[in-house]
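Enquirer: Output the structure for:
(chains A and B)
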Amino acid sequence: MLKIRAIKLEINTIDGLYGAEFSFTAGLNIIRGDNSTGKSSLFQSILYGLGFEELLGGKNEKTMQSVLKDQVEYPDGKLHPVNQSFVYLEIENKEVITIKRGITSDSRKAQLVDVYSGALLTGDKKELPSRPMYIHDKGGASDDTYGFHLFLAEFLNWDLPELITTKGDISHLYLQQIAPAFIVEQKSGWSDFFSTLPYFGMRNTESRVVEFLLNMDVFENEKRKQVLSSHKQRLLDRWNSLFISFHKLAEKSGGTLRGLDEHPVIINSFDSIYIGMLKDGKEITIGEFNERQKADLALLERQQTATVGENLKESEETLRKLTEQLNMWSLNYEMLSPELNYDNEKLKQYRKQLEDVREDLRKNKGALKIKSLGSELPARTAFDTCPTCHQSIKDSLLPSDIKQTPMRIEDNILFLEAQQKMIEVYIEGQVKLIEDKDIKLVAYQKQLSEIRKAIRDTKKELIQDERLPSVLEIENRLNLRKKVEFYGTVIVDFSQLIEELKALSDELSQILSRQKDLPKDFFSAEDRKKIALLQENFIALLRKFNYQSKPFEAVKISYDNYLPVAQKMLGEQLFYNIKFDSSASDFIRCLWAYYTAIFKTSIVFKSNHPMLLIFDEPKQQDMAIGNFKSFLLELSQFKQQQILVFASFENSDDSFEEATSGLQFSLTRIEEKLIKPVA
Amino acid sequence: MEDLLIKRLSFVKRPIPIPAEYRPMYKIALIVMILKYCCRGESSSLLKLHLFSWALASEKNMEALRNYVISDFKSEFSVWGVEPALNRALQFSVADNVCDIVGGKKYKLTEKGSRFFELIRADTELFEAEKAFLLFIGKSHITDSRITAITQKWKLFYVKN
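Expert: Below you'll find the predicted structure:
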């Protein structure tokens, strides 16, 4: 468990030493201070001492209030500039340590903390050994010697679980991510469950935090699920490269790949995947294509080779046909070639346009930023008014007699982005078009040179001795034999690829069925008990705090994210976030009940909760004093654990009396001002 | 044809997109950067501001000026543009107290202008290319006497033509 034993603020101003010091006990501690006495500064200092200031929405000293870093006001109206300031925080688990962290200091960065082994604040010894450590710096949380949070996790006996980030790396849960489950900050902490949770590129962190605090088994199952999905990702990559191999093979054979999906699917019939070849204007599979070639070859080989004379008539006819073909293909080629040049030129222009739009976009984004910088300054021009005559200048330097209204920069940026997207689509289309035409052009060229060769061969034959055997026929035969051989090897390669594909398809079906086998139900019996108790505690607390927005039968804890959900209508199967159906003050009751329920459940199961709750001004939304009292009464039952409640009690003694009469607690009263001169 | 008979037409005037160069704060930011990075005493003549403003308008212009400096002012350097938009931006920045006119002809950065510059400098992503270019040119290359020398050449050039 984590217990805050004492805190001390030490602020050196140019007019002397100021500060504050408080100690806390086990059980309920109420820190009462009227508005603007510095109650929140004290709360924030505790977070700062633990290195949890990211809950306040930032890092290091900039999250702290000005009284701790710029100037102390004491008494009202008299300011004392700060030279140097430190927070000391004494905490206990099995041992006691004291953390010292600078807020403003010339010599020390805010990332540096000193950890004293012992009670520097409440103990007698003022000389204790200390170790310097770092917070937040890169590696600060993983470097054994100097990482303060790693040290703190060890100090709390926390074995922080590993998660897979959205990028696929393994990272562990950070302490700052767990803290929102037991420390609730005033300004945004009461707006939602875990609302101050900092984002470190992990999904569903809230659920992981609850699982960790309740030490649930589901964590392991969740990890298995993630492992499986990374398997799937690798399969996807292999599928992609196999797909490319298929395509290359089809290209090499001069055909088209048919029937293979670009994305992994389980394939039942591998026959539907083939390379399609064109034969006499019709597409047939490469297997059939080669069979026909083989048949042609066999036919040729059975015949006796004719002599040139016998073939004379045929040869003349062939020559005529070939010439006709040559004309046709040349025409095609000559028409396509300038078209392609034109397309290439167009692509170049698109690219130039894209570059211009990108440049303009970059400048516009700069202009937008500058405008907000200028309004910080403040420059009147940044607010679209003329600094001299205070008339509107429409955010433009165009002469004022041009009667056009320019777009606002934001719209201008959206406009340019739309343009950019459009041009990108054009370019994509154009590239595809050019690719297709290129392929066609190459095919035409090939066809042309084949026809030319055939014409040459036929002519050669026509002028040969009529008694000789037809060279053309012999050559034809040889060529055909070569082709049959070539397509034979392509078919072998293809069937090898098909084998690989079969393996991938099998693997995919395994992964999918293993994914299906993953327990929908990741929960162990013990997990179920924990969630059931969490729910029971939560509802019991809602009842105590007088929650009214929903009947209690309609409320439960979700097994998906462990947050409270409610049915819209009783008996319906759909559940919604409880926030939607709760009134503002009832939602605050939900937050009280939820954080307390996790705490209570963890006590029963002796799980990882630090056994500490810190609430800053929990009485929100004009909550009735009676309900607030019920909350404090509930909190005061925990004698072994520690609870710190910072509250103003509407700056009224009566309210304070009403809310706390009869309760057992330790009171810390911040009188007048938190930070006072130190005698 | 009857289907196409249009009974009434109405026009709605929509805002038009304009280049970032025409945004007042954008131009003022450039002025501030030019004065800080490239001008001795953070003050400059009008013509020099026009030169830099012209250069920053496009990569091509920047390249030309860069080459001119690299070649030790021997390469061909054509006339640069003078745009009314810069003059208007200068008026705004004087009125907004970002810069001042000193001696009736020079623009000088004010204390507020310097603060604005610090804000611009602090954001490292902002105007990366522009900053790099201005830093490269620096304070010592393009001096007022250089500007006078170039403009002198223009006059000769045009007289000849």
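Enquirer: The closest residue to residue A:179 other than its chain neighbours - how many residues pack around it?
Expert: Once flanking residues are discounted, residue A:179 sits nearest to residue A:52: 4.7 Å by CB to CB, 6 or more residues apart in numbering or on different chains. (Glycine included, C-beta is placed from N, CA and C.) Neighbour count for residue A:52, taken as other CB atoms under 10 Å in any protein chain shown: 27.
Enquirer: List the buried residues in stretch A:184-200.
Expert: With burial defined by 16 or more other CB atoms under 10 Å in any protein chain shown, the residues of stretch A:184-200 counted as buried are A:184-186, A:189-190, A:193-198.
Enquirer: Output the set of residues of chain A in proximity to chain B.
Expert: A:359-360, A:362-364, A:366-367, A:369-371, A:373-374, A:376-377, A:379-382, A:386-388, A:393, A:395-399, A:404-409, A:411-412, A:415-416 (CB under 8 Å from any CB of the partner chain).
Enquirer: same thing but 6 Å
Expert: Residues of chain A lying close to chain B by CB under 6 Å from any CB of the partner chain are A:363-364, A:366-367, A:369-371, A:373-374, A:377, A:379-382, A:387-388, A:396-398, A:404-407, A:412, A:415.
Enquirer: which among those residues end up buried?
Expert: By the neighbour-count criterion of 16+ other CB under 10 Å, these include these buried positions: A:363-364, A:366-367, A:369-371, A:373-374, A:377, A:379-382, A:387, A:396-398, A:406-407, A:412, A:415.
Enquirer: contacting residues for the closest residue to residue A:584 other than its chain neighbours?
Expert: When the adjacent residues along the chain are set aside, residue A:584 lies closest to residue A:621, with 4.7 Å between them (CB to CB, 6+ apart). Residues in contact with residue A:621, defined by CB atoms under 6 Å, 6 or more residues apart in numbering or on different chains, are A:584-585, A:588.
Enquirer: can you list the residues of chain B near chain A?
Expert: Residues of chain B found near chain A, taking CB under 6 Å from any CB as the criterion, are B:15-18, B:20, B:22-26, B:29, B:85, B:88-89, B:92, B:95-96, B:116, B:119, B:126-127.
Enquirer: how about a cut-off of 8 Å?
Expert: Counting by CB under 8 Å from any CB, the residues of chain B that sit close to chain A are B:13, B:15-29, B:58-59, B:84-85, B:88-89, B:91-93, B:95-98, B:112, B:115-116, B:119-120, B:123, B:126-127, B:129-130.
Enquirer: how distant is stretch A:581-592 from the center of its chain?
Expert: Chain-centre distance of stretch A:581-592: 29 Å, with CA atoms, centre = their mean, to the nearest Å.
Enquirer: if I read this right, residue A:337 contacts residue A:441, doesn't it?
Expert: Yes: applying CB atoms under 8 Å as the test, residue A:337 and residue A:441 come out as touching, 6.7 Å apart.
Enquirer: Longest strand in chain A, by number of residues?
Expert: Of all the elements of type strand in chain A, the one with the most residues (DSSP state E) is strand A:79-92.
Enquirer: what mean pLDDT does that one have?
Expert: Mean per-residue pLDDT for strand A:79-92: 90.
Enquirer: in its sheet, what does it sit against?
Expert: Each strand that pairs with strand A:79-92, with its direction, by DSSP bridges: strand A:3-13 (antiparallel), strand A:71-73 (antiparallel), strand A:96-104 (antiparallel).
Enquirer: Can you redo these as CSV, where the extra columns are distance to residue A:315?
Expert: Supplementary listing: the strands paired with strand A:79-92 in CSV, determined by distance: least, CB to CB, whole Å:
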stretch, distance to residue A:315
strand A:3-13, 105
strand A:71-73, 107
strand A:96-104, 99
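Enquirer: among those strands, which is nearest residue A:329?
Expert: Checking the strands paired with strand A:79-92 against residue A:329 by CB to CB gives strand A:96-104 as the closest, at 81.8 Å.
Enquirer: So which of the buried ones among the residues of chain A next to chain B belong to strands?
Expert: Per DSSP E, the subset of those in strands is empty.
Enquirer: Outline the domain layout of chain A.
Expert: Following automatic domain parsing, chain A resolves into domains at A:231-305+A:470-520, A:308-467.
Enquirer: got those domains as a markdown table, with mean pLDDT columns?
Expert: Putting those into a markdown table (pLDDT from 0 to 100) gives the following:
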| stretch | mean pLDDT |
| --- | --- |
| domain A:231-305+A:470-520 | 86 |
| domain A:308-467 | 86 |
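Enquirer: Let's have those in CSV, adding distance to residue B:104.
Expert: Compiled in CSV, the domains of chain A are given as follows (distance: least, CB to CB, whole Å):
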stretch, distance to residue B:104
domain A:231-305+A:470-520, 69
domain A:308-467, 19
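Enquirer: so which of those domains gets nearest residue B:45?
Expert: Taking CB to CB, domain A:308-467 is the member of these nearest to residue B:45, at 20.4 Å.
Enquirer: could you measure the residue lying closest to residue A:344 once chain neighbours are set aside against chain B, distance?
Expert: Of all residues beyond its chain neighbours, the one nearest residue A:344 is residue A:434 (6.4 Å), with distances taken as CB to CB, 6+ apart. Taking CB to the nearest CB, to the nearest Å as the measure, residue A:434 falls 27 Å from chain B.
Enquirer: Verify the stated contact: residue A:434 with residue A:340.
Expert: Yes: with contact defined as CB under 8 Å, residue A:434 counts as touching residue A:340 (6.7 Å).
Enquirer: Can you flag which of the residues of chain B next to chain A belong to helices?
Expert: Using DSSP state H, the members of the residues of chain B next to chain A that fall within helices are B:24-29, B:59, B:84-85, B:88-89, B:91-93, B:95, B:112, B:115-116, B:119-120, B:129-130.
Enquirer: Please spell out the PyMOL selection for the buried subset of the residues you listed.
Expert: Typed into PyMOL, the next command selects the buried ones out of those (criterion: 16+ other CB under 10 Å):
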select buried, chain B and resi 24+25+26+27+28+29+85+88+89+91+92+93+112+116+119+120+130
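Enquirer: Could you say which helix or strand holds the residue most central in space within chain B?
Expert: Here the mean C-alpha position of chain B is nearest to the C-alpha of residue B:53 (CA atoms, centre = their mean), at a distance of 1.6 Å. Secondary-structure assignment from DSSP states H and E places residue B:53 in helix B:46-56.
Enquirer: so how far is that helix off the chain centroid?
Expert: The gap between where helix B:46-56 is centred and where its chain is centred comes out at 5 Å by CA atoms, centre = their mean.
Enquirer: and what of stretch A:535-550?
Expert: The offset between the C-alpha centroid of stretch A:535-550 and the centroid of the whole chain comes to 34 Å, using CA atoms, centre = their mean.
Enquirer: give me the element residue A:457 is part of.
Expert: Taking DSSP H and E as the definition, residue A:457 sits inside helix A:409-462.
Enquirer: what does residue A:232 give?
Expert: Element membership of residue A:232 [criterion: DSSP H and E] is helix A:218-252.
Enquirer: Could you report the pLDDT at residue B:23?
Expert: At residue B:23 the predicted local confidence, pLDDT, stands at 89.
Enquirer: Contact partners for it?
Expert: When the contact criterion is CB atoms under 8 Å, 6 or more residues apart in numbering or on different chains, the partners of residue B:23 are A:364, A:367, A:371, A:395-397, A:409.
Enquirer: One more pass at 7 Å, please.
Expert: Taking CB atoms under 7 Å, 6 or more residues apart in numbering or on different chains as the criterion, residue B:23 is in contact with A:367, A:395-396, A:409.
Enquirer: Greatest separation within those: which pair is it?
Expert: Every pair in these was compared (CB to CB); the two farthest apart turn out to be A:367 and A:396, at 11.2 Å.
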